[in-house]
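**Student:** Provide a 3D model corresponding to the input given below.
(2 chains)
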Amino acid sequence: MPSIHLASFGLHTTLGRGIDANVAALERPPQPPREVSVPLGNDARSIPYYTLADAPLDDIEARFEQALHGVIVEAIERAGLSQTERREMGLFLGSSCGDMPLLETQYRRDLESSSEALPMTKTSSLGNLANRLRAAFGIQGPDYSYYTACTASANALLAAAAMVQAGRLRHALVVGVEMFNAVTALGFSGLQLITRDVMRPFDRRRSGLVPGEACAAVVIGTEARDSNWTLLGGANLCDTHSISATNPDGSAIAAVIQQALERSEVEAGEIAALKMHGTASLLNDEAEAAGLRRVFSKAPAVCALKPYLGHTFGACGVAELALFCSAVERGMLPGTPGIAAGDSDLDVTLNQTLRAQPPGKFMLNYFGFGGSNTSLIVANDGARSR
Amino acid sequence: MKPIYIASCGDYFERIESDDSAVDLKALVAEAIGTPVRRIGRFIQLALIGAGRCAKQAALPEDAAVYLGSGRGDLEVTIEVMHSIVRDGRAPKPLSFINTVSNAASFYVAQSLKLTSQSTFVCNRYFAFETMLQLAKLDLEQGVVTSALVGTVDVVVPPLAAHRMRLGLDADTPVADASHWLLLQTQPSSTPLGRLLAAGHFTDAKALRVWLSDQTIDAQWKLATGQFMPRAEADEWQRALGLEVFDYLTGRPYYDSQSGAAIGEFLRREKGTLLHLNRDPSGRYQAMLVAVES
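**Tutor:** Predicted coordinates:
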């Protein structure tokens, strides 16, 4: 089977626009979120949110398309794809929100004209976003819009890799998108899962999550091109313990991690560092910590990126992969100063400072609503350093 | 390449005649999966009915993976939370919000049928069923899974006038709730209904023709064309290929993933080989090829 190369990334988050800006921001400690006014009927609620850098919330529709197009252009240009390669590649989208920001905005605007207005009359398919992107970028390959909550874009990547590895596609564009919307903000607020503080996964002072915006893209193929990253494998399994939480005993998480290791032909002891899902909710933290204990006799270095990005839900699969790989490619493992610094109630100590990280094999874990658990394993051969 | 067998199929299909004529699905859910499920919407109920009926027709191993697709997603719950937040100024109820994650339906299928493998929800506007078939076929061929429960769900959300507007349909177009499922296996435990020979995507008509030229087409083959292929083009393919037509669309009320009905209808009514072609407005094609032993 041919290797799957992660040819290039594009990234826009609260840390910055572009890969370089995002990696540079890891040199500062995580910053607290800002309060955002979330429309609720004719009123509004103030909810903490990590919104995109350099993209004010004043025109929801324009910024949605601009941010998404920006990361795709960044990834495609870095990959150096020809027009023919672009036309034939597959599009794999992963999201939780899909078009929701646009749907809310249109409905709100229609209600201003008529109290009889109905939602979703202009677009009503979760597949339309992929079709717009295909049209904009001239893609005639197949499209798959994954909506598996927080694992969506990670699962999209696994499916894309399978298609490329089997020779069905030469290249695939995998996109994660999560943009500001009232349903997500008010939904998590209603579940009392949102904090006004920095997210503190695995830390006894944890107080919840902060929604975050992210647009991220990765181009994959069987040719190395300018990349020294490969996707060794991964796994996705459904944990039917509960629709909103994985089994706290860690058994389901251990199972998906174990399957990812087996499919990647990697031993647990070979993992040089691990990116945790780390939502800073007690249920997730407990399950994740328990799952790792079941698999790793000696824990590798572990880090968490949500203190920097917020929880970018369906986008976090590709967004955190892009940030993690780009940091490691520059020889650095991200750190979160003062968070789970050695006094964790779950015996998990996160890497504290941005420290040197040699090339190696790495694991990235994602767990979501709907019982969707995903584990990815990537490798950096260190051949190139940006 | 591992052969892929169709072990069973299960369907639900109900024309919705008026704003308040939708069937109460609770009893059908309980009948299909053997136990009632509370506090779920119609989209999830439809998924459970179709998947449950399919699962009852064959031995379903616990490591069967779930591949659920849809052309739109769960319109009902999405519209409910939009009304609540934007029109009524009320935050969504926790359970409604949790069920806005589109994989809620695939979760309930896995939970109700006691499955432990992967459970996926993917949306594709024009090729919902074909897309799921492709993903499942690839995982089966590569040995990632050995059994795959593959299906699509479409839900009607009254009032019907608004539903037709959302779907871009004429005011008098009949509409239906639907749920179509197949159980695919590489090693069936009993006599299979048929074999899935191909499920492919083509960037344009030329690419489809190249693939067709590699197939050994004979008189046993029948041709079905999907709902999104214009009538004139369907006739052209029929003339070019010289195949007898298998019609499963005439009289069928509208829903997005009618392709999901094609294989099940063929398995029930025909023998031989079914070639199903569909295209979307951007000129992309999908082909499904299924054989039923004579």
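
**Student:** what's the strand ranked longest in chain B packed up against?
**Tutor:** Of all the segments of type strand in chain B, defined by DSSP state E, the longest one is strand B:4-16. Judged by 3 or more CB pairs under 8 Å, 6 or more residues apart in numbering or on different chains; DSSP states H and E, the packing partners of strand B:4-16 are helix B:42-56, helix B:128-141, strand B:175-185, strand B:194-202, helix B:259-269. Backbone N, C-alpha and C define where each C-beta goes, glycine included.

**Student:** where do the helices sit along the stretch 101-250 of chain B?
**Tutor:** B:104-112, B:128-141, B:160-167, B:205-213, B:231-241 (DSSP state H, counting those that start in this stretch).

**Student:** That should have said chain A, apologies.
**Tutor:** Assigned helices in chain A, in chain order: A:19-25, A:60-79, A:83-88, A:100-113, A:128-137, A:152-165, A:182-190, A:251-264, A:282-295, A:306-309, A:316-329 (criterion: DSSP state H).

**Student:** Now the fifth one - C-alpha only, CSV.
**Tutor:** Taking Å, rounded to 0.1, in the frame of the first residue of the first chain, the C-alpha atoms of helix A:128-137 are listed here in CSV:
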residue,chain,number,x,y,z
ASN,A,128,-24.6,22.4,-0.3
LEU,A,129,-21.4,23.8,1.3
ALA,A,130,-19.3,21.1,-0.4
ASN,A,131,-21.1,21.9,-3.7
ARG,A,132,-20.3,25.6,-3.4
LEU,A,133,-16.6,24.8,-2.7
ARG,A,134,-16.5,22.5,-5.6
ALA,A,135,-17.9,25.1,-7.9
ALA,A,136,-15.5,27.8,-6.6
PHE,A,137,-12.4,25.6,-7.0
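
**Student:** Is it positioned near chain B?
**Tutor:** Yes. Under the criterion of CB under 8 Å from any CB of the partner chain, chain B is reached by helix A:128-137 at A:128, A:130, A:131, A:134, A:135.

**Student:** Name the next helix or strand following the longest strand of chain B along the chain.
**Tutor:** For strand B:4-16, the following helix or strand on the C-terminal side (DSSP states H and E) is helix B:26-33.

**Student:** Can you list the helices and strands that that following helix packs against?
**Tutor:** The elements that helix B:26-33 packs onto, with contact taken as 3+ CB pairs under 8 Å, 6+ apart, are helix B:42-56.

**Student:** before we move on, back to that, out of the helices of chain A, which is closest to residue B:49?
**Tutor:** Each of the helices of chain A was checked against residue B:49 via CB to CB, and the shortest separation belongs to helix A:152-165, namely 25.3 Å.

**Student:** does chain B sit close to the closest one?
**Tutor:** Yes. Counting by CB under 8 Å from any CB, contacts between helix A:152-165 and chain B involve A:155, A:159, A:162, A:163, A:165.

**Student:** with those residues in mind, which one is nearest to residue A:171?
**Tutor:** For residue A:171, the nearest member of the residues of helix A:152-165 next to chain B is residue A:163. The distance, counting by CB to CB, is 9.9 Å.

**Student:** can you pull the contacts of the closest one?
**Tutor:** A:90, A:169, A:172, B:138 (CB atoms under 8 Å, 6 or more residues apart in numbering or on different chains).

**Student:** Recalculate using a threshold of 10 Å.
**Tutor:** Taking CB atoms under 10 Å, 6 or more residues apart in numbering or on different chains as the contact definition, residue A:163 lies against A:90, A:92, A:141-142, A:144, A:169-172, A:220, B:134-135, B:138, B:201.

**Student:** just the buried members of the residues you listed?
**Tutor:** Members of the contacts of residue A:163 that pass the buried threshold by neighbour count (16 or more other CB atoms under 10 Å in any protein chain shown) are listed as A:90, A:92, A:141-142, A:144, A:169-172, A:220, B:134-135, B:138, B:201.

**Student:** Is it possible to get those out as TSV so that each row also shows distance to residue A:328?
**Tutor:** Rendered in TSV, the data for those read as follows (distance: CB to CB, whole Å):
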residue	distance to residue A:328
A:90	26
A:92	23
A:141	30
A:142	31
A:144	28
A:169	27
A:170	26
A:171	23
A:172	22
A:220	17
B:134	33
B:135	30
B:138	30
B:201	34
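
**Student:** what's the nearest residue to residue B:280 if we skip its chain neighbours?
**Tutor:** For residue B:280, the nearest residue in space outside its immediate sequence neighbours is residue B:126; the separation is 3.8 Å by CB to CB, 6 or more residues apart in numbering or on different chains.

**Student:** Verify the contact between the one you found and residue B:72 for me.
**Tutor:** No. The pair formed by residue B:126 and residue B:72 falls short of the contact definition of CB atoms under 10 Å, at 11.3 Å.

**Student:** Mind listing the shared neighbours of those two?
**Tutor:** Listed contacts common to residue B:126 and residue B:72 are A:125, A:127, B:256, B:257; contacts here mean CB under 10 Å, 6+ apart.

**Student:** which one among those gets closest to residue B:188?
**Tutor:** Distances from the shared contacts of residue B:126 and residue B:72 to residue B:188 were compared by CB to CB; the smallest belongs to residue B:257, at 24.6 Å.

**Student:** that's a helix at the closest one, yeah?
**Tutor:** No. Counting by DSSP: H, G, I helix; E, B strand; the rest coil, one finds residue B:257 to be coil, located in no helix.
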